[in-house]
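1. Here is a sequence with its predicted model. Questions after.
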Amino acid sequence: MILSKKLIAAIMFCFGLVVMGATSATAYEVNITISGLENLDLAGFEFDVNYDGTLLTFDEYSLTEELGSFDSYDAEDRSDKEYATGTAYLAVVSYLTDSADFSTQSASFTLATISFSGDESALSGISLSNIILSDVDGNAIAFTVNGTHISAVPVPGTLLLLGAGLAGLAGLRRGRRSC
C-alpha cells in the first residue's frame, strides 16, 4: 500500500512538471489599433499581418465587436489565421447598414489582438500591408499606418489640402508667366 502511494505521488509530480513545462512558453500579445474615427463609421476592414515565421508562431487572434456582434450575425469574421508562412489575413465585415448602428463606436479602439510565441526580438518586425478600411456605404476610408496603429484620415480634410496645394501651384505658374 505504501509503495502504491509513493508511485502515485511520483506520477503526479512528473505530470505536474510536464504541465508546468507546457505552459511556461512565453506568449506575446500585439494590439492592432485604429484612431481618427471621430466623424467616420468603420464598417469593414481587412489587412495582412506580416511577421518572421521562422522566429514567431501565430497562436491565436481576437477581433473587435465595434463593427457588430459576431454572435448575433451583425458582423462576420472573414480572417484566415495563417494563409502563408509569416502572413495572416484579418478581416471583418459589418452587416449593419445605418450610421445610427455605429453611434456607440469609439473614435479609437483595438481592431484585433494577436498572440505570438517565439523570439521576442522579432516582434518589432511585425507590419501591416494590403489594408482596406470601409464605411457603411462601402466607401474607402483614407488612413496612415505607424507600426500596428492605423489612423483614419478624414477625406474632406485631405481633399481640402490637395485643393489648396493645387491652387498654390497654379498661382506659382501664373506668377512666372507674368514676369
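-> Alright, I've got the coordinates.
2. Could you use CA atoms for every contact and neighbour count after this?
-> Fine.
3. quick one: buried residues of stretch 31-38?
-> By 16 or more other CA atoms under 10 Å, the buried positions in stretch 31-38 come out as Asn31, Ile32, Thr33, Ile34, Ser35, Gly36, Leu37.
4. Among the residues you listed, which one sits closest to Asp77?
-> Distance to Asp77 across the buried residues of stretch 31-38 (CA to CA) is lowest for Ile32, with 15.7 Å.
5. Would you mind giving both backbone torsions of Asp101?
-> Main-chain torsions, Asp101, degrees, to the nearest 10: phi -70, psi -20.
6. Quick check: the gap between it and Asp119.
-> 41 Å (CA to CA, to the nearest Å).
7. what does Tyr28 give?
-> Using CA to CA, Tyr28 is found at 9 Å from Asp119.
8. now Asp135
-> For Asp135, the distance to Asp119 (CA to CA) stands at 37 Å.
9. same check, this time on Leu128
-> 19 Å.
10. Looking at those two, which one has more neighbours?
-> Legend: neighbour count by other CA atoms under 10 Å for Leu128 and Asp119, higher for Leu128 (20 against 15).
11. who's in contact with stretch 94-109?
-> Contact with stretch 94-109 is made by 33-38, 41, 43-44, 66-68, 73-76, 136-137, as judged by CA atoms under 8 Å, 6 or more residues apart in numbering.
12. Can you give me the buried ones in it?
-> Ser94, Tyr95, Leu96, Phe102, Gln105, Ser106, Phe109.
13. all helices for this protein, in order.
-> Remark: helices assigned in the chain by DSSP state H are 2-23, 155-178.
14. give the contact list for Glu60.
-> Counting by CA under 8 Å, 6+ apart, Glu60 touches Lys81, Ile114, Ser115, Phe116.
15. State the number of residues packed around the second one.
-> Here the neighbour count serves as a burial measure; for Ile114 (other CA under 10 Å) it reads 19.
16. No further questions, thank you.
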